[in-house]
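Engineer: Sequence first, then the predicted structure, then my questions.
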Amino acid sequence: MCTTKEKILLTALKLFAQDGYEAVSISKISGELGMAKSALYKHYKNKRDIFDSIINRMDELDYERVREYNMPDGNMDEIIKGYREISIDKIRIYTEAQFKHWTEEEFSSLFRRMLTLEQYRNQEMADLYQKYLVSGPIDYMTHLFAGIIEKKEEAAALIGKNKEHFGLENIEIIKADAPDGLETLLKPTHAFIGGSSRRMNEILSVLYQKNPKMRIVINAISLETICEIKEVLSDYPIENEELIQLQVSRARVAGSYHLMQAENPVWICAFDFCG
């Protein structure tokens with residue numbers, strides 16, 4: 001059963017999502033609840049206090065799901081390490097729970113609706129919209145997948161299956177973290193970097209020492225990685241630089257219509273060391 005404080009939060013959130021934050025007063029919230037304003041003030045100092053408590057409640061719900069599904073927590077390095085050690089099925093179940101949380105659970109759905117409505121009226125709301133629904137999740141997933149891609153046993157096994165399927169006998173699969181695993185390799189002529197786990201400069205440094213005339217190709221899906229590439233490239237002599245952006249859209253059926261939804265753009269940066 002909800003406490004009085006929780007009822008106030010939910011009622012206020014419903015009104016914020018329906019009428020907008022600025023249009024809702026303490027009087028309107030208390031009237032909707034059927035309580036006197038003086039009674040409401042025993043639980044919250046003002047409308048801003050209610051709003052801040054809604055934000056805090058959203059964060060609490062996030063932590064509760066992490067604990068409920070026993071998912072990795074802590075700083076990003078700790079989270080990446082944890083995700084490397086859990087199964088794909090467990091990640092799938094948690095992802096489905098996250099989707100239901102944002103689309104079916106009342107409190108979260110109202111919160112999403114409020115931010116979507118208010119982002120065009122208020123800069124703080126626009127920032128919260130980005131943090132909770134757009135750039136925040138994208139940045140989190142970008143760093144997470146950059147850290148775990150190609151480091152799980154399943155990924156190495158898939159590479160092995162592709163090698164066998166296409167008859168690529170000249171490929172040797174080496175399970176190691178870059179750049180540490182590069183030290184014992186023979187002098188390379190080409191290198192493809194599909195994920196650096198924020199160690200781009202270290203990786204390029206080792207490659208440059210091994211062959212200052214080699215060809216490099218780097219894939220990136222975030223502006224942060226693009227900025228990282230731009231910064232580290234100033235440390236090396238390069239030539240024949242190419243930068244390509246690919247944009248793909250996927251069709252989604254909506255009634256009798258097919259709507260195109262844009263996927264994250266992929267950046268491809270290629271160059272030659274000329275040391």
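Structural biologist: Nice, thanks for sending it over.
Engineer: burial of A97, as a residue count?
Structural biologist: Neighbourhood size, A97 [other CB atoms under 10 Å]: 14. The way it works is simple: take the backbone N, C-alpha and C, and place the C-beta from them, glycine included.
Engineer: Which element, helix or strand, includes it?
Structural biologist: Element membership for A97, per DSSP states H and E: helix 88-103.
Engineer: The lengthiest helix in the chain: which residues count as buried?
Structural biologist: Counting by DSSP state H, the longest helix found in the chain is helix 47-68. For helix 47-68, burial by neighbour count (16 or more other CB atoms under 10 Å) applies to K47, I50, F51, S53, I54, R57, M58.
Engineer: pull the CA atoms of stretch 233-246 into CSV?
Structural biologist: C-alpha atoms of stretch 233-246 as CSV (Å, rounded to 0.1, in the frame of the first residue of the first chain):
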residue,chain,number,x,y,z
LEU,A,233,46.0,11.5,-34.2
SER,A,234,47.7,14.8,-33.6
ASP,A,235,50.4,12.8,-31.8
TYR,A,236,51.4,10.8,-34.9
PRO,A,237,52.5,11.6,-38.5
ILE,A,238,49.7,10.4,-40.8
GLU,A,239,48.7,10.6,-44.4
ASN,A,240,45.9,9.4,-46.8
GLU,A,241,43.4,10.2,-44.1
GLU,A,242,39.7,9.3,-44.9
LEU,A,243,36.6,9.9,-42.7
ILE,A,244,33.3,8.3,-43.7
GLN,A,245,30.0,8.4,-42.0
LEU,A,246,27.4,5.7,-42.7
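Engineer: what's in contact with stretch 204-219?
Structural biologist: Identification of contacts with stretch 204-219 by CB atoms under 8 Å, 6 or more residues apart in numbering yields 178-179, 182-183, 185, 187-195, 200, 229, 232, 235-237, 266-275.
Engineer: cool, and stretch 35-52?
Structural biologist: 4-5, 8-9, 12, 16, 21, 24-27, 29-30, 33, 53.
Engineer: These: which two are farthest apart?
Structural biologist: T4 and Y21 (21.6 Å; CB to CB).
Engineer: more neighbours, the two?
Structural biologist: When neighbours are counted by other CB under 10 Å, Y21 comes out ahead of the other of T4 and Y21, with 21 against 13.
Engineer: wouldn't the more buried one be in contact with L128 here?
Structural biologist: No - counting by CB atoms under 8 Å, Y21 stays clear of L128, with 10.7 Å between them.
Engineer: Secondary structure element for A270, which one?
Structural biologist: Using DSSP H and E, A270 falls in strand 266-273.
Engineer: swap in L115?
Structural biologist: helix 106-118.
Engineer: on that earlier part again, mind checking which of the contacts of stretch 204-219 are buried?
Structural biologist: Buried, going by 16+ other CB under 10 Å: 178-179, 182, 191, 193, 195, 200, 229, 232, 236, 267, 269-273, out of these.
Engineer: from those residues, which has minimum pLDDT?
Structural biologist: Ranked by pLDDT, the buried ones among the contacts of stretch 204-219 bottom out at G195, which has 73.
Engineer: for the chain, what spans make up the strands?
Structural biologist: Shown for the chain, the strands assigned by DSSP state E span residues 190-193, 215-220, 238-246, 249-254, 257-262, 266-273.
Engineer: Now tell me what touches the fourth one from outside.
Structural biologist: Contact partners of strand 249-254, identified using CB under 8 Å, 6+ apart, comprise H258, L259, M260, Q261, A262, E263.
Engineer: Contact partners for Q261?
Structural biologist: S249, R250, A251, R252.
Engineer: swap that for Q130, sorry
Structural biologist: Counting by CB under 8 Å, 6+ apart, Q130 has contacts G136.
Engineer: sorry, back to before: with distance to F107 added, can I get the strands of the chain in TSV?
Structural biologist: Converted to TSV, these look like this (distance: least, CB to CB, whole Å):
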stretch	distance to F107
strand 190-193	42
strand 215-220	36
strand 238-246	38
strand 249-254	26
strand 257-262	27
strand 266-273	36
